[in-house]
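Peer 1: Here is a sequence together with a model predicted from it:
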Amino acid sequence: MKKIVFARKNSGLKKREALTGYLFVSPWVIGVLTFLIIPLGQSFYYSLCSVKISPKGRKYEFIALKNYTDLFRLDVWFIENMIRYLLNTLISVPVIVVFALIIAMLLNEKLKGKGFFRTIYFLPVIVVSGPVMIQLADQGATSIPAMNVSGIIRVLDTYLPAFMVEPVANLFNNMILILWYSGVQILIFLAALQKIDNSLYEAAKIDGGSGWECFWKITLPITKPMILLNAVYTVIYVSGNEQNVIINSIYNDMFAVNRGYGFASAKAWLYSVVVLAIVGFFALVLRNRDTYQAEIKRFEKMKAIEEKERRKLLRRQARRSGKKPKGVCTG
């Protein structure tokens, strides 16, 4: 009887805890439904329709995949802009992530005014907005004056294929943008580096490990999840800024007379698929392939199998002798 009363009290406590959890999660769920799921569904429906705006409101005419086929037939710059975006992203994202990791490692060292330098590197993320960056890029203020970009481009043109010269040249022309894009990534790497126990580095140095070996054997494996996180963040950030040609074309197509919401929605969905493919590519490349962790999992699996076989053997012996086996729960 006491067990039944205790079980009822326990179930009531679990229900109250679950209700509290649902109440805390409900604002997020409502926000996601209102500002993400429903707009996504509407934009996909727009991409399958011809949307016309009249004084009476919007008129929708279902045309299936015509907007998607028109992208390749009518928009002659779409494929070229998409290829240029792919090359720029695949080249710029690793550079930004590596730069952020280097700066984070420098800021993690013992130096005076560490907080000041952290603020300086993160300040452009807060202060510099999209329109400001566009104006600075148009005026050539995003390149380093001391760098001979034209000479670098001539060298690249000699040793690299033609389709790779333009993305790399754009990277050199916009070196200051790398600093602006790296503020959040630097903070994420810095948080990961500060969680590494210094005793690991001390033990490695006692064993004769160099700084390079400490980086490859300690720092890089521990920060590998943060590298993936920063790569995904950088892809999304670069893909949605105001300097992106495809984003600007989507804005322009929304209000174009001969294209409209449907055509722009189709372009946005195709662009989103490409962005997700790039994110998947970086996730595949940067996935954790740590052999040590794999060996631990394999050992734990073998240990579980051995324990299962031991329990089976004890049960068989107990059945033969008619006694309860030790270490086995028969209930």
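Peer 2: Okay, I see it.

Peer 1: and the helix or strand hosting Thr69, which residues are buried?
Peer 2: Per DSSP states H and E, Thr69 falls inside helix 66-73. Neighbour counts over helix 66-73 (16 or more other CB atoms under 10 Å) mark 66-68, 70-71 as buried. Glycine gets a C-beta too; all of them are placed from N, C-alpha and C.

Peer 1: Okay, angle between the helix or strand hosting Ile38 and helix 66-73 too, please.
Peer 2: Assigned by DSSP H and E, Ile38 belongs to helix 38-47. Helix 38-47 and helix 66-73 are oriented at 70 degrees to each other (axes from the mean of the first three to the mean of the last three CA atoms, to 10 degrees).

Peer 1: which helices and strands does helix 38-47 pack with?
Peer 2: Judged by 3 or more CB pairs under 8 Å, 6 or more residues apart in numbering; DSSP states H and E, the packing partners of helix 38-47 are helix 260-285.

Peer 1: Just the buried residues of the helix it packs on, please?
Peer 2: Going by 16+ other CB under 10 Å, helix 260-285 has these buried residues: 260-271, 274-275, 278-279, 282.

Peer 1: could you check the angle helix 260-285 makes with the helix or strand that the helix holding Thr69 is followed by?
Peer 2: Next along the chain after helix 66-73, taking DSSP H and E as the criterion, comes helix 78-107. Per the same axes, to 10 degrees, the angle that helix 78-107 makes with helix 260-285 is 50 degrees.

Peer 1: what's the model's confidence in helix 78-107, averaged?
Peer 2: Average pLDDT, helix 78-107: 86.

Peer 1: now whichever helix or strand comes after it, how far from the centre of its chain.
Peer 2: Where DSSP H and E defines the elements, the next helix or strand beyond helix 78-107 is helix 114-127. Its chain's average C-alpha position is 22 Å from that of helix 114-127, according to CA atoms, centre = their mean, to the nearest Å.

Peer 1: how about helix 114-127 as PDB, C-alpha atoms only?
Peer 2: C-alpha atoms of helix 114-127 as PDB (Å, rounded to 0.1, in the frame of the first residue of the first chain):
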ATOM      1  CA  LYS A 114      44.300  41.000 -22.500                       C
ATOM      2  CA  GLY A 115      40.800  42.300 -22.000                       C
ATOM      3  CA  PHE A 116      41.500  45.400 -24.100                       C
ATOM      4  CA  PHE A 117      42.700  43.300 -27.100                       C
ATOM      5  CA  ARG A 118      39.600  41.000 -26.800                       C
ATOM      6  CA  THR A 119      37.400  44.100 -26.900                       C
ATOM      7  CA  ILE A 120      39.300  45.500 -30.000                       C
ATOM      8  CA  TYR A 121      38.800  42.300 -31.900                       C
ATOM      9  CA  PHE A 122      35.100  41.900 -31.100                       C
ATOM     10  CA  LEU A 123      34.300  45.600 -31.500                       C
ATOM     11  CA  PRO A 124      33.800  45.500 -35.300                       C
ATOM     12  CA  VAL A 125      31.000  42.900 -34.900                       C
ATOM     13  CA  ILE A 126      29.000  45.400 -32.800                       C
ATOM     14  CA  VAL A 127      29.900  48.700 -34.500                       C
END
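
Peer 1: Now do that helix: everything it contacts.
Peer 2: Helix 114-127 is contacted from outside by 103, 107, 111, 179-180, 182-184, 186-187, 190, using CB atoms under 8 Å, 6 or more residues apart in numbering.

Peer 1: Thanks again, I'm all set now.
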